[in-house]
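>>> Please find the sequence and the predicted model below.
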Amino acid sequence: MTTWPATAPTGSPTQATPPTAHEVPPAHGDAETTTAPPTPGAPNASAAPGTTAADAPAPSPADTRDAPAFGPVDTRDAPAFGPVDTRDAPAPRPRDTPRSPGRREPQEARPPARRDAEVTKAAILRAARHLLARHAHADITLKAVADRAGVSPPLILKYFGNKETLFSQVMSFETDAEALLDAPLERLGRHMVRHVLVSQTEHGADPLLRIVFAPLHGEQGDILRANFRTQVGDRLAARLSGPDAGLRAELAVGTLLGLGVMFGIARGTHLRAAELDEIVDRCAPVVQAQLTP
């Protein structure tokens, strides 16, 4: 740092030394001076007076006599790297990318649930039997059957073709008679009573009750009566021994029909409030008395 002498030596006149090109006089009150950047072609402050930057001696080159020499790198002892063996390497994981807002990840298409054809047909037949036991054949539409079965009307046409084909099966008692008579003769009365009640309470369709509405179905009612006689009454009579087998069979079936009407149509309050086993205990002996006198 360059300072300005405040006074001259004793005996000499006071004279300020003019600043060089590289020095700026300090501002009033500043403690230090600042150095201005050198001006090209201006004299160098560090050089001797009367010389310029061009006359300044060039810096001597660094002495590298004792510096270690670096030649080519010796790689003879370095391990050789061949192709990377990735046979045992784990498969790379897919890169996680942030999901943009509102974007839904693609999902695998699920195959549509397939219907069990036999289960669907059984549901349609149960619905048609239920309606036929409460409405005239002419008043029942395929849509009403479909709504009760939980299917579409076209599906009914797919399985049965048309309404007449569907109701020709509904008017048959063949399958119902097999389930109704599926018990040994000595226990058949109890089985028949329970089967009628369970069919109404759990399956929503009485196996015999649709015969009650035969007069409402016109010509279809005649088909219904003929099927009922041969498939239910005559079949039961064939299993009975002793006199008047046909009469006893019809009395037994009539008892079941009366129970079905009172429970499902008249909806007797005392009957429907009773326990199922209690009803069976009271009715079964009446039916069985006609089967095994």
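Yes, it's here.
>>> Surely L276 touches L197?
Yes. L276 is within contact range of L197, at 5.6 Å (criterion: C-beta atoms under 8 Å). For the C-beta atoms, the positions are set from N, CA and C on the backbone; glycine is no exception.
>>> the more surrounded of the two?
L197 (21 against 13; other C-beta atoms under 10 Å).
>>> which secondary structure elements does the helix or strand harbouring A226 contact?
Using DSSP states H and E, A226 sits in helix 219-228. Using 3 or more C-beta pairs under 8 Å, 6 or more residues apart in numbering; DSSP states H and E, no helix or strand is in contact with helix 219-228.
>>> redo that, cut-off 10 Å
helix 163-170, helix 174-180 (3 or more C-beta pairs under 10 Å, 6 or more residues apart in numbering; DSSP states H and E).
>>> Name the residues of stretch 284-292 that are buried.
For stretch 284-292, burial by neighbour count (16 or more other C-beta atoms under 10 Å) applies to A284, V287, Q288, Q290, L291.
>>> Could you check the pLDDT of the second one?
Reading off the per-residue confidence, V287 sits at a pLDDT of 97.
>>> wait, doesn't it sit right on H195?
No. In this structure V287 lies outside contact range of H195 using C-beta atoms under 10 Å: 11.1 Å.
>>> what do the two both touch?
Contact with both V287 and H195 is made by residues L256, according to C-beta atoms under 10 Å, 6 or more residues apart in numbering.
>>> right, so of the helices and strands packed on helix 219-228, which gets closest to G218?
helix 163-170 (12.0 Å; C-beta to C-beta).
>>> And the contacts of the closest one?
Applying C-beta under 10 Å, 6+ apart, the contact partners of helix 163-170 are 121, 124-133, 137, 140-142, 145, 153, 156-157, 159-160, 162, 175, 205, 210, 217, 220, 223-224, 227.
>>> Let's see the PyMOL selection covering just the buried ones among those residues.
A single PyMOL command selects the buried members of the contacts of helix 163-170 (16+ other C-beta under 10 Å):
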select buried, resi 121+124+125+126+127+128+129+130+131+132+133+137+140+142+145+156+159+160+205+210+217+220+223+224+227
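>>> and the contacts of helix 163-170, which of them are in strands?
Of the positions in the contacts of helix 163-170, not one sits in strands, assigned by DSSP state E.
>>> Just the contacts of helix 163-170: which are in helices?
Within the contacts of helix 163-170, residues falling in helices by DSSP state H are 121, 124-132, 142, 145, 153, 156-157, 159-160, 175, 220, 223-224, 227.
>>> Tell me how far V196 lies from A146.
Using C-beta to C-beta, to the nearest Å, one gets 27 Å for the distance from V196 to A146.
>>> Sorry, wrong one. I was asking about K121.
13 Å.
>>> What's the first helix or strand after the top helix by length along the chain?
If you go by DSSP H, the chain has its longest helix at helix 245-264. The C-terminal neighbour of helix 245-264 among helices and strands, as given by DSSP H and E, is helix 269-273.
>>> Pull out the buried residues from that following helix.
Of all the residues in helix 269-273, not one is buried under the rule 16+ other C-beta under 10 Å.
>>> low pLDDT regions in the chain?
Along the chain, segments meeting pLDDT under 70 span 1-115.
>>> The same query, at a cut-off of 80, please.
Within the chain, the segments meeting pLDDT under 80 span 1-115, 133, 204-205, 293.
>>> who's in contact with the helix or strand just after the helix holding A226?
Downstream of helix 219-228, the first helix or strand assigned by DSSP H and E is helix 234-239. Contact with helix 234-239 is made by 173-174, 177-178, 180-181, 185, 188, 192, 228-229, 244-250, 252-253, 290-291, as judged by C-beta under 10 Å, 6+ apart.
>>> and the closest residue in space to A123 that isn't next to it in sequence, how far is that from A274?
Leaving aside its chain neighbours, A123 sits nearest to A149 (4.6 Å; criterion: C-beta to C-beta, 6 or more residues apart in numbering). Using C-beta to C-beta, we find A149 at a distance of 30 Å from A274.
>>> Next: Q200.
In terms of C-beta to C-beta, Q200 sits 14 Å off from A274.
>>> who has more neighbours, the two?
Q200 (20 against 13).
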